[in-house]
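Asks: need the 3D shape of this:
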Amino acid sequence: MVNRILKHLFAHPWQLRSAFPRATLDAIEAAIKASETRHRGELRFVIETALPVHRVARGHTSRQQAIEVFSHLKVWDTEENSGVLIYVLLAEHTLEIVADRGITHRVEQHEWDAIARSMQTAFRKGEFLQGSLAGIEAITQLLEQHFPPGEGNPNELPDRPVILKR
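Replies: As a prediction, the model looks like this:
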């Protein structure tokens, strides 16, 4: 627990800027925009440097935080319940994928976990852009299978990655 608290306490915004500079954020936004033309799902990409220490001390996990962010950003608020959140917590080097109920009925959790593990592997190597783009592509392929594009395919959620500050 102490190590976890220290990770969050000493996480700094420069880590986020180093891992996800503006060019990387722009590339992620473009990949999401292109992805959403290939299916009826909606993607959100969120990066958070660290959680407040008091929440970490109470045992708040990255998964719990991802679910809260999913709700706060209204990723669930799509016509077909086809929103997917990619949540990155830099302090712990964790990545969570949260899918809305319309997708969870069709895509097994182990498929999301495999994509998250693949992205985390790239991130551990410092390949944040490559890992992000590969993850978005893998999610796109799943959504193409289960939510192929239809007649009307409105962009229901913003494509720009969200940076959460402590």
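Asks: count of residues packed around R44?
Replies: 22 (other CB atoms under 10 Å). From N, CA and C alone the C-beta is placed, and that goes for glycine too.
Asks: secondary structure element holding L142?
Replies: Assessed by DSSP states H and E, L142 sits inside helix 128-146.
Asks: centre of the chain to that helix, how far?
Replies: Chain-centre distance of helix 128-146: 11 Å, with CA atoms, centre = their mean, to the nearest Å.
Asks: neighbouring contacts of that helix?
Replies: 19-20, 23-24, 27-28, 31-32, 35, 38-41, 43, 45, 82, 84, 86, 95, 97, 103, 106-107, 111, 115-116, 118-123 (CB atoms under 8 Å, 6 or more residues apart in numbering).
Asks: gap between E111 and R124?
Replies: 21 Å (CB to CB, to the nearest Å).
Asks: what about these two, which has more around it?
Replies: Neighbour tally, E111 and R124, criterion other CB under 10 Å: the higher count belongs to E111, 15 against 10.
Asks: which SS state does the more buried one fall under?
Replies: E111 falls in the helix class when you classify it by DSSP: H, G, I helix; E, B strand; the rest coil.
Asks: please begin residue numbering at 687 from this point
Replies: Okay, residue one is now 687; in that scheme the one you just asked about reads as E797.
Asks: who are the neighbours in contact with it?
Replies: With CB under 8 Å, 6+ apart, E797 has these contacts: L828.
Asks: also L775?
Replies: 734, 736-737, 748, 751-752, 781-782.
Asks: what's opposite it in the beta bridge?
Replies: E734, T780 (DSSP bridges).
Asks: can you give me the helices for the protein?
Replies: 688-695, 699-705, 708-721, 739-743, 748-758, 787-790, 795-810, 814-832 (DSSP state H).
Asks: thanks a lot, catch you later.
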